[in-house]
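J.: Build me a model from this:
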Amino acid sequence: MTDTYSESFLSATDAALVDFEGAVDALAAPSDEQILAVVQRVVLVLNSVNEQHEGGTYDTDEREELCLFVDAVLTEHGIDVAGLAARHGVSRYEITDRWRRW
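T.: Numbers count the residues shown, from 1 in each chain. The predicted structure is shown next:
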C-alpha cells in the first residue's frame, strides 16, 4: 500500500485498525450485537478515511485484506466468526458488507 497511498491515508487506516483491535480486546463475553457494533464502527471509520483522502480509494486487494483483518482479529479473540455470520444470515466474509462503501 505504501507506493500507492499518501502517508495520511495510511496513518488514518492504521489508526482505525489499531482502535478496532483495542475495542475487540476490551470485549468480555460479548453478545453478537456488541461484536457487530465494533465491526460497524471500524467499517464506518474506514469509509470516512476512504472518502476524505483524495486518491485514497482502497483497491480490490486492500478491501479483501481489510475484511480478512477484521475476521482475523475477531478469530484471535475467540469469536466464532462463521457462527456469528450464520446467525445473521451472511457468510463470514460478508459481515462488513452492510456498512462498507469501499
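J.: Which pLDDT does the model give Gly55?
T.: Here the pLDDT value assigned to Gly55 is 64.
J.: and if you look at the one 5 residues further on?
T.: Reading off the per-residue confidence, Thr60 sits at a pLDDT of 89.
J.: Next: Trp102.
T.: So Trp102 comes in at 89 (pLDDT).
J.: so what's it up against?
T.: Residues near Trp102 by CB atoms under 8 Å, 6 or more residues apart in numbering: 46-47, 50, 57-58, 63, 66. The C-beta positions use only the backbone N, C-alpha and C, and glycine is treated the same way.
J.: do you know how far it is from Val42?
T.: Separation of Trp102 from Val42 (CB to CB, to the nearest Å) stands at 12 Å.
J.: From the contacts of Trp102, keep the buried residues only.
T.: Taking 16 or more other CB atoms under 10 Å as the criterion, what is buried in the contacts of Trp102 is 46-47, 50, 58, 63, 66.
J.: correct me, but Val42 touches Phe20?
T.: Yes. Look at Val42 against Phe20 with CB atoms under 8 Å: they come within range, at 3.9 Å.
J.: Between the two, which contacts overlap?
T.: Residues touching both Val42 and Phe20 (CB under 8 Å, 6+ apart) are Val70.
J.: Give me the below-cutoff pLDDT ranges for the protein.
T.: For the chain, the stretches with pLDDT under 70 are 1-3, 55-56.
J.: can you give me the strands for it?
T.: Taking DSSP state E as the criterion, the chain carries no strands.
J.: burial count for the closest residue to Thr13 other than its chain neighbours?
T.: Once flanking residues are discounted, Thr13 sits nearest to Val49: 5.6 Å by CB to CB, 6 or more residues apart in numbering. Neighbours of Val49 under the rule other CB atoms under 10 Å: 21.
J.: Thanks a lot, see you next time.
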